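Q: Got a sequence here, can you build the structure:
(one chain, ligands or ions: 1)
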Amino acid sequence: MELKRTRHEKSRALFCEAQQYIPGGVNSPVRAFQSVGGTPRFMQSANGARITDADGRTYLDYICSWGPMVLGHNHPAVKAAVLQAVENGLSFGAATEAEVIMARLICDLVPSIDMVRMVNSGTEAVMSAIRAARGYTQKAKIIKFEGCYHGHFDALLVKAGSGVMTAGVPDSAGVPKGTAEDTLTAVYNDIDSVQKLFEDNKDKVAAVIIEPVAANMGVVLPEDGFLKQLREMCTANKALLIFDEVITGFRLGIDGAQGWFGVKPDLTTFGKIIGGGMPVGAYGGRRDVMQMIAPVGSVYQAGTLSGNPVAMAAGITQLKILRDNPEIYHRINSLGDRFYNELQKIAQQNGCTVNHIGSLGCLFFTDKPVTNYTSAKQADTARFARYFKKMLGDGVYLAPSQFEAMFLSYAHTDEDIDFTLQCANSFFEHENE
Ligand code: PLP
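A: Residues are numbered from 1 along each chain as shown. Okay, the predicted model is just below:
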């Protein structure tokens, strides 16, 4: 791959200026290079599997906008649909046909979803699904899992201690204790921890929310039967099961993690891929629960720009391409298998481990199996930072944190994968020089 070597002067200058006007110089903390050091690259364009920074340097991109760009950046059909929608006006604040098409598409593709409501981000989707679950069940408590991220909604910004179950302690300043009080935290892959929370909070739990594949503590897969047991436990306790498929939705396959694992949640949240790169989220599920939402029901939820016509055009186009071309999932999942399996071979020889499912994966700098938050936290983040820097220097753009996923897209080629493996190999070979 041809790389233009620069010292990223423009990114540096922009970062300097940005810090005067934007907290930390970034509009989302995950974009900062705080845990790896150095200057965040300011990007100016992207195409296919490549992204180019303000200094004109092009990288092979494994962030893919944190998941949405499953077809690759700037896909011609998505771009054309957006341009066409723009011709008709940017926002109407009224119902449109595009929203009906989008809703029908999601309901047709995901069997657990009878009705869906569009919002503007994954956070909004989760926040609204939780409200719907509480309204429907008339109960207040929510069980989430340590290490799962569900957006920056107050009640779910809860940190669990390293022990088993913890009552809510706010993770972020500015979240009143009371807001997090009804959030209970269980341990990923530990069904007993969920059982105990149900027993200790009898008839008080409105819902269990989970990333069916955890992709915000690196990538952690649900162990065999875990999601099924969770389903049974929710049903037995009259609590709703919410799958947060903001990352896995339309990525693992057309019916997401629920299709992959054959477990039917009551509600599902989406974001990222359904917007094709535009700011979109959605929540949907059982008709009787969704009928609780205003204006038909008593759970209020609204949005000035929800169902925005330009965003719908991008999302509908991306979803239809995925629906009509099943070879896309076959391709990105088999490319993922090859990539992560090869990476695992390199990792194993160097005291590291790789978790992966389809096109999602993570190289952990620990030789122990990673099955939950506690084991993920064993990873050597200083070593990750050195790896990150070396890969960036070689033109491979990874998420600047040990605890984020790698995303492959349909635009990544076998040559891209080979190149990335060579770079990783070279890091380990020269690590101690
Ligand atoms: N849920 C999951 C699983 C996520 O990964 C994210 C964001 O990465 C969110 C919710 C929040 O989505 P957004 O950043 O669009 O608000």
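Q: Run a quick neighbour tally on the residue nearest to His356 when sequence neighbours are not counted.
A: Of all residues not flanking His356 in the chain, Tyr340 sits nearest, at 3.6 Å (C-beta to C-beta, 6 or more residues apart in numbering). The way it works is simple: take the backbone N, C-alpha and C, and place the C-beta from them, glycine included. The number of residues packed near Tyr340 is 24, by other C-beta atoms under 10 Å.
Q: isn't Ser112 right up against Gly259?
A: No: using C-beta atoms under 8 Å, Ser112 is not in contact with Gly259, being 9.3 Å away.
Q: hang on, Ala133 in a helix?
A: Yes: assigned with DSSP: H, G, I helix; E, B strand; the rest coil, Ala133 falls within a helix.
Q: Tell me where this structure has helices.
A: When secondary structure is read from DSSP state H, the chain shows helices at 9-21, 76-87, 97-109, 122-137, 177-180, 191-200, 226-236, 256-261, 287-290, 309-324, 327-348, 373-376, 381-393, 414-430.
Q: Most tightly packed of the ones you listed?
A: helix 122-137 (a mean of 25; mean count of other C-beta atoms under 10 Å).
Q: avg pLDDT for it?
A: Averaged over helix 122-137, pLDDT sits at 98.
Q: show me what contacts the residue nearest to His356?
A: Tyr340 makes contact with Val354, His356, Gly361, according to C-beta atoms under 8 Å, 6 or more residues apart in numbering.
Q: Repeat that for Gly303.
A: Contacts of Gly303 by C-beta under 8 Å, 6+ apart are Met118, Val119, Asn120, Glu124.
Q: before we move on, back to that, go through the helices of the chain and name the closest to the ligand.
A: helix 122-137 (2.2 Å; C-beta to the nearest ligand atom).
Q: CA atoms of stretch 254-272 as CSV?
A: Only the C-alpha atoms of stretch 254-272 are listed here, as CSV (Å, rounded to 0.1, in the frame of the first residue of the first chain):
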residue,chain,number,x,y,z
ILE,A,254,-29.4,-9.6,8.3
ASP,A,255,-31.1,-10.6,11.5
GLY,A,256,-28.2,-9.6,13.8
ALA,A,257,-27.1,-11.5,16.9
GLN,A,258,-30.6,-12.7,17.6
GLY,A,259,-30.6,-14.6,14.4
TRP,A,260,-27.1,-15.8,14.9
PHE,A,261,-27.8,-17.3,18.3
GLY,A,262,-31.5,-18.1,17.8
VAL,A,263,-32.8,-16.1,20.8
LYS,A,264,-35.8,-13.8,20.5
PRO,A,265,-35.7,-10.6,22.6
ASP,A,266,-38.8,-8.6,23.5
LEU,A,267,-37.2,-5.3,22.4
THR,A,268,-34.1,-4.5,20.2
THR,A,269,-32.2,-1.3,19.8
PHE,A,270,-30.3,-0.4,16.6
GLY,A,271,-28.1,2.4,15.4
LYS,A,272,-25.0,2.6,13.2
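Q: Could you confirm whether it reaches the ligand?
A: Yes: contact of stretch 254-272 with the ligand (C-beta under 6 Å from any ligand atom) involves Gly271.
Q: Let me know the pLDDT of the residue nearest to His356.
A: pLDDT, read off for Tyr340, is 98.
Q: what about it, distance to Val219?
A: Per C-beta to C-beta, to the nearest Å, Tyr340 is found 9 Å from Val219.
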